[in-house]
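> Everything below, folded, please.
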Amino acid sequence: MERLIRITRLREVRQLTQYELAKMVGISRVELSKIERGTVDPRLSTVKSIAKALNVRIDCVVSTNNANVNYSLQKV
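Reported below is the predicted structural model:
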């Protein structure tokens, strides 16, 4: 569940709407919303695309280490 909150946080820090990020990733806004809320587990390919769109390493999206997120946010 923590990784899903991270996607939301990284998206918001980059001032992207769900629609904008979803378009960059190639999924629907509804699908991204479900991923962020934790009602669906994304495919690995989707997680990779999200990380790429947010310009972070994939471990920053899926890691449980808060240092990774803080480091990613500092690089914005």
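> does the residue most central in space within the chain count as helix, strand or coil?
The centre of the chain sits closest to Ile7, judged by Cα atoms, centre = their mean, with a distance of 2.8 Å. Here Ile7 is recorded as helix under DSSP: H, G, I helix; E, B strand; the rest coil.
> any weak-confidence spans in the protein?
For the chain, applying pLDDT under 70 flags the ranges 1-5, 63-76.
> What segments of it are helices?
Ranges of helices in the chain, per DSSP state H, are 2-13, 18-25, 29-37, 44-53, 58-62, 66-74.
> Relative to Glu20, how far out is the residue nearest to Ile27 when sequence neighbours are not counted?
Nearest residue to Ile27, sequence neighbours excluded (Cβ to Cβ, 6 or more residues apart in numbering): Thr46, at 6.3 Å. (Glycine included, C-beta is placed from N, CA and C.) For Thr46, the distance to Glu20 (Cβ to Cβ, to the nearest Å) stands at 16 Å.
> didn't Ser28 look like it was pressed against Ala22?
Yes. At 5.9 Å, Ser28 and Ala22 qualify as touching, with contact defined as Cβ atoms under 8 Å.
> higher neighbour count, those two?
Taking other Cβ atoms under 10 Å, Ser28 and Ala22 do not tie; Ala22 has more neighbours (21 against 13).
> Contact partners for that one?
Each residue near Ala22 by Cβ atoms under 8 Å, 6 or more residues apart in numbering is listed here: Ser28, Arg29, Glu31, Leu32.
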